[in-house]
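Colleague: Got a sequence here, can you build the structure:
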Amino acid sequence: MSSSNCIGICTMRPCCRILMGYGSRSSSVFGSAQPKLNDLVTHSLSKLQSRRQKRSCNSQIVGYIRVIDPNRRVFSVSDSNWGQTRVCTATGRVGNSSSSRRGILVIPNVASDIRNHSTSVETQVNGKTSFESIYIQRGLNVKPLVIERIETDHGDVVREEESRVEVNGSNVNVNIGNSKGLNDTKNERELSDIEKEAWSLLRDSVVSYCGNPVGTLAATDPADKTPLNYDQVFIRDFVPSALAFLLNGEADIVKNFLLHTLQLQSWEKTVDCHSPGQGLMPASFKVKTVPLDGMNGAFEEVLDPDFGESAIGRVAPVDSGLWWIILLRAYGKITGDYALQERVDFQTGIRLVLNLCLKNGFDMFPTLLVTDGSCMIDRRMGIHGHPLEIQALFYSALRCSREMLIVNDGTKDLVAAINNRLSALSFHMREYYWVDMKKINEIYRYKTEEYSTDAVNKFNIYPDQIPSWLVDWIPEEGGYLIGNLQPAHMDFRFFTLGNLWSIVSSLGTHKQNEGILNLIEAKWDDFVAQMPLKICYPALEYEEWRIITGGDPKNTPWSYHNGGSWPTLLWQFTLACIKMGRTELAQKAVDLAEKRLSADQWPEYYDTKSGRFIGKQSRLFQTWTIAGYLTSKMLLENPEKASLLLWEEDYELLETCVCALTKTGRKKCSRLAAKFQIVV
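Modeller: Numbering: from 1, shown residues only. Predicted coordinates for the structure are as follows:
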């Protein structure tokens, strides 16, 4: 049997764990319904999965698995933070010194990393993959984790590039093979006072778990006596914070965030005894401190995720998994550390999200069917069905996944499904969601009740649905993607996030992308005025507001999600402008926001049609407002970095028509007629 030099892990019980509600059914991440992995890993992880039901991290030993596959480059599931120790005391202090009370030895990013635990590993060869033997030394007085080499059954030796660094006073070997680019983008320019304040506030919002940063709080308003869930780490809210840290050369917090949210992915949460499907990412999580069972005076930190069971409206977050995939790709692009996304657990996490999104259902459209309130607009606003925001994020996540997935026998069908969905989705959105003066005039002359595959009015849209405000509002030059499309209904509202992200991801054609920015420039007073940017335009008013929102007192006209102005949209606007060579528009918006944000204490949103007032229920010191401003500033100063976060047109998708793949006679579609609009 081949050997490998390994390390001893403390037999004391780790004090970092993930909180799970009682009564939850077993939910193995690698169940039979999911893509098969090596039987050894499946068996090992299923044993660990059963421990989750006990609400504790009972594993006493932690192993290191090395995977050797000739079809891909080597990767490891180790982490540079292994070997660090923390002692949790009754005072709540986390430090390195001993305590008079009995302490608990903590191994950050290992104790809670259930997928990387191994209680018994033997050499097996299954197909092309070899999982090597791991020897664990037991004992309290052991040296930090050092992996020197790993030998395969064929006598080959895989060596890790190592560097000895000092962590909390101890020398620890860490893998630096993929660390290039992590800290070589530090901002050397002298920061302005408002930027210094923003960075200070952003760092104050950082949340730590077992001594390591894992995210940022949604808001840190010291005067807020009822924080609700604003004292949690939200996946969507953390994205601009993550980009700010990455662009500043600080990658650790982003890596930790990706690692720990991945651990939360597979938990099942119940709402009235119904469990959402595997692959759902939580909307948010909170680090809680609870007494340690059977240990007088000691405590442990736990991660308590919210999958929507505590949210207002109890709606599961559809966009969390999509944002997670987008952020994982951004992390690799900016840092150059692609080993993270190539790990077995991350590959599986991506596949679980995609399996959830690509499930077959009754829907006929390539768009993703979701409920109201399942995205950034997380309250009832009439965006159920196929809202633009989700489709733009869905398209981006599919493109990210196609880049990151390792193609092999287990994923080739999934990659083919991604390509087919991308092709159908891009065509559908470009052809049926786009409106400009020409398109509106076509809709105005639509015939209804058409029956055949040759119908022009495919969704039976009634011309009388065209709102009166749109007729006089739409300029001759410019257009946009509408907010929603369903049978016999078009939501003509302009939703900013969906339109901006359509530009960033190339969901729209080059001509359409230009048209969106032309519209924003032409209607600057409507979208920006005194504070960028309107989340949607126009607001729902009068009876329409009462019917669609249910009379929501927070979503009154021109407030919150109903036409409020959200400064966090700045960074996405900046990305879109940089891509289209319109940086002057982004700079104009940033300069405008800069005049008020600090003086107004960084509000979550602004009210009134012009964005003149701070939102009536707006939290102050809102983190993604702060991070959106900082990210916008850094992107404008380093536009070459923005290119790492953008997608260009994929012309291969234009050659693929799902209709042509069917064996039936229903091959007719308007793709050929519309193709000239797609190619620039």
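
Colleague: ok, which stretches of the stretch 501-650 of the chain are strands?
Modeller: Ranges of strands in the stretch 501-650 of the chain, per DSSP state E, counting those that start in this stretch, are 536-537, 606-607, 613-614.

Colleague: what's the second one packed up against?
Modeller: Helices and strands in packing contact with strand 606-607 are listed as strand 613-614; criterion 3 or more Cβ pairs under 8 Å, 6 or more residues apart in numbering; DSSP states H and E. Bear in mind the C-beta positions are built from the backbone N, C-alpha and C, glycine included.

Colleague: Go ahead and name everything in contact with the strand it packs on.
Modeller: Residues from elsewhere that reach strand 613-614, judged by Cβ atoms under 8 Å, 6 or more residues apart in numbering: 600, 603, 606, 607.

Colleague: For these, give me TSV that also has pLDDT.
Modeller: TSV is the format used below for those (pLDDT from 0 to 100):
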residue	pLDDT
600	98
603	98
606	98
607	98
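
Colleague: Between the residues you listed, which sits nearest residue 238?
Modeller: residue 603 (18.8 Å; Cβ to Cβ).

Colleague: Would you enumerate the residues in contact with the closest one?
Modeller: 567, 597, 614, 615, 618, 619, 620, 622, 625.

Colleague: In CSV, list the residues you listed along with distance to residue 409.
Modeller: Output for these, formatted as CSV (distance: Cβ to Cβ, whole Å):
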residue, distance to residue 409
567, 47
597, 52
614, 56
615, 52
618, 52
619, 49
620, 53
622, 47
625, 46
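
Colleague: Which members of those residues occur in helices, if any?
Modeller: Among those, the ones falling in helices (DSSP state H) are residue 625.

Colleague: Residue 460: which of the contacts of residue 603 is nearest?
Modeller: Taking the contacts of residue 603 together and measuring to residue 460 by Cβ to Cβ, the closest member is residue 615, at 38.6 Å.

Colleague: Give me the pLDDT for residue 279.
Modeller: Listed pLDDT for residue 279 reads 89.

Colleague: That one in helix, strand or coil?
Modeller: Put simply, residue 279 is coil when judged by DSSP: H, G, I helix; E, B strand; the rest coil.

Colleague: For the closest residue in space to residue 329 that isn't next to it in sequence, what are phi and psi?
Modeller: Excluding its sequence neighbours, the residue lying closest to residue 329 (Cβ to Cβ, 6 or more residues apart in numbering) is residue 400, at 4.1 Å. In terms of degrees, to the nearest 10, the main-chain angles of residue 400 are phi -60, psi -50.

Colleague: quick one: residue 400 and residue 326 touch, right?
Modeller: Yes. Residue 400 lies in contact with residue 326 (Cβ atoms under 8 Å); the separation is 5.6 Å.

Colleague: rewinding a little: show me what contacts the residue nearest to residue 329?
Modeller: Here residue 400 is in contact with 325, 326, 328, 329 (criterion: Cβ under 8 Å, 6+ apart).

Colleague: Show me those residues that map onto strands.
Modeller: Of the positions in those, not one sits in strands, assigned by DSSP state E.

Colleague: As a markdown table, those residues with distance to residue 190 and neighbour count would be great.
Modeller: Output for these, formatted as a markdown table (distance: Cβ to Cβ, whole Å; neighbours: other Cβ atoms under 10 Å):
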| residue | distance to residue 190 | neighbour count |
| --- | --- | --- |
| 325 | 36 | 27 |
| 326 | 32 | 22 |
| 328 | 33 | 23 |
| 329 | 32 | 23 |
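
Colleague: Past the longest helix belonging to the chain, which element shows up next along the chain?
Modeller: Determined from DSSP H, the single longest helix within the chain is helix 412-432. Using DSSP states H and E, the next helix or strand after helix 412-432 towards the C-terminus is strand 434-436.

Colleague: Output the contacting helices and strands for that next one.
Modeller: Using 3+ Cβ pairs under 8 Å, 6+ apart: strand 434-436 touches strand 479-486.

Colleague: Just want the angle from the helix or strand just after the strand it packs on to helix 412-432.
Modeller: Under the assignment DSSP H and E, the closest C-terminal helix or strand after strand 479-486 is strand 489-495. Angle of strand 489-495 versus helix 412-432, following axes from the mean of the first three to the mean of the last three Cα atoms, to 10 degrees, is 90 degrees.

Colleague: Tell me the strands beside strand 489-495, with direction?
Modeller: If you go by DSSP bridges, strand 489-495 pairs up with strand 479-486 (antiparallel), strand 536-537 (antiparallel).

Colleague: Show me the contact partners of the longest one.
Modeller: Right, the one you point to is strand 479-486. 367, 382-383, 385-388, 429, 432-437, 439, 459, 490-495, 498-499, 502, 507-508, 512, 515-516, 519, 536.

Colleague: need the helices for the stretch 451-600 of the chain, in chain order.
Modeller: 468-473, 496-505, 510-522, 524-527, 542-549, 570-579, 583-594 (DSSP state H, counting those that start in this stretch).

Colleague: Could I get the average pLDDT for the fourth one?
Modeller: Throughout helix 524-527, pLDDT has a mean value of 98.

Colleague: hmm, back to that, list the buried residues of the longest helix of the chain.
Modeller: 414-415, 418-432 (16 or more other Cβ atoms under 10 Å).

Colleague: swap in stretch 347-359?
Modeller: Buried-residue list, stretch 347-359, by 16+ other Cβ under 10 Å: 347, 348, 349, 350, 351, 352, 353, 354, 355, 356, 357, 358.

Colleague: same thing with stretch 525-545?
Modeller: Taking 16+ other Cβ under 10 Å as the criterion, stretch 525-545 shows 526-540, 545 as buried.

Colleague: Also stretch 442-458?
Modeller: 443, 446, 457.

Colleague: related to what we said a few turns ago, just the closest of the buried residues of stretch 347-359 to residue 642, please.
Modeller: residue 350 (23.9 Å).

Colleague: wait, is the closest one part of a helix?
Modeller: Yes. Counting by three-state DSSP, residue 350 is located in a helix.

Colleague: what's the closest non-adjacent residue to it?
Modeller: Nearest to residue 350 is residue 401, by Cβ to Cβ, 6+ apart, at 5.4 Å.

Colleague: What's the separation between that neighbour and residue 304?
Modeller: Distance of residue 401 to residue 304, computed by Cβ to Cβ, to the nearest Å: 28 Å.

Colleague: coming back round to it: which one of the contacts of residue 603 is nearest residue 467?
Modeller: For the contacts of residue 603, the nearest to residue 467 is residue 615 (25.6 Å; Cβ to Cβ).

Colleague: hang on, the earlier thing: as a markdown table, the buried residues of stretch 347-359 with distance to residue 560 would be great.
Modeller: Putting the buried residues of stretch 347-359 into a markdown table (distance: Cβ to Cβ, whole Å) gives the following:
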| residue | distance to residue 560 |
| --- | --- |
| 347 | 38 |
| 348 | 37 |
| 349 | 32 |
| 350 | 33 |
| 351 | 36 |
| 352 | 32 |
| 353 | 28 |
| 354 | 32 |
| 355 | 34 |
| 356 | 29 |
| 357 | 28 |
| 358 | 32 |
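
Colleague: do you know how far residue 399 is from residue 290?
Modeller: On the measure of Cβ to Cβ, residue 399 and residue 290 end up 41 Å apart.

Colleague: So those two - more neighbours on which side?
Modeller: The residue with more neighbours, out of residue 399 and residue 290, is residue 399; 22 against 13, by other Cβ atoms under 10 Å.

Colleague: Just the element for the more buried one, please.
Modeller: Short version, using DSSP H and E: residue 399 is in helix 388-404.
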